[in-house]
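the following block contains a protein sequence and its predicted model.
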Amino acid sequence: MKLLLASALVVGLTVSTANAQFTGPSARGATSTVAQVQSARINTYVTVTGNIIDHQRKNYYTFRDETGEIRVEIEPSVWRNRNVGPTDTVRLMGELDRNSAGNLYIWVKSLDLVK
């Protein structure tokens with residue numbers, strides 16, 4: 001009987017925590033423009049909305065909004081087999097970083113098409 005009661009308690013606690021949702025601040029960061037990103041601290045999470053206008057090499061692309069351009073790194077898994085062209089508006093969320101040459105870029109963690 002005690003074993004049955006203990007098992008029910010464990011199952012009940014597992015189910016209740018699975019339904020919990022985080023209500024605190026997001027790591028997504030506030031939506032920024034490229035101009036604002038240029039003065040942000042390294043390792044800051046940023047969200048930008050605009051267009052990916054060209055492919056530079058490997059996983060590197062040029063992103064543009066109404067305030068300027070910045071290099072972005074987008075891994076194949078982030079694309080999720082979606083076709084995105086220069087006329088498609090996207091929302092990118094990622095971490096601001098600096099390469100060995102000292103140039104800023106956004107390491108993209110998620111890409112959403114904006115309708």
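Okay, I see it.

nearest residue to the middle of this protein?
A centroid search over the chain (C-alpha atoms, centre = their mean) returns residue 93, at 2.9 Å, as the residue closest to the centre.

show me what the longest strand along the chain packs onto, helices and strands only.
For the chain, the longest strand by residue count, based on DSSP state E, is strand 45-57. Strand 45-57 makes packing contacts with strand 31-32, helix 34-37, strand 60-65, strand 68-73, strand 89-98 when contacts are defined by 3 or more C-beta pairs under 8 Å, 6 or more residues apart in numbering; DSSP states H and E. All C-beta spots, glycine's among them, are computed from the backbone N, C-alpha and C.

state the distance from residue 115 to residue 89.
As judged by C-beta to C-beta, to the nearest Å, residue 115 and residue 89 stand 8 Å apart.

looking at those two, which is more packed in?
For residue 115 and residue 89, the more surrounded residue by other C-beta atoms under 10 Å is residue 89, and the numbers stand at 14 against 4.

pLDDT at the more buried one, what is it?
Here, the pLDDT recorded for residue 89 equals 97.

that one pairs with what?
residue 51 (DSSP bridges).

can you check residue 47 too?
As assigned using DSSP bridges, the partners bridged with residue 47 are residue 31, residue 93.

my guess is it contacts residue 36, does it?
No. Counting by C-beta atoms under 8 Å, residue 47 sits too far from residue 36 to count as a contact (10.7 Å).

which one's more surrounded, the two?
For residue 47 versus residue 36, neighbours defined as other C-beta under 10 Å are more numerous around residue 47 (18 against 15).

distance of that one relative to residue 107?
13 Å.
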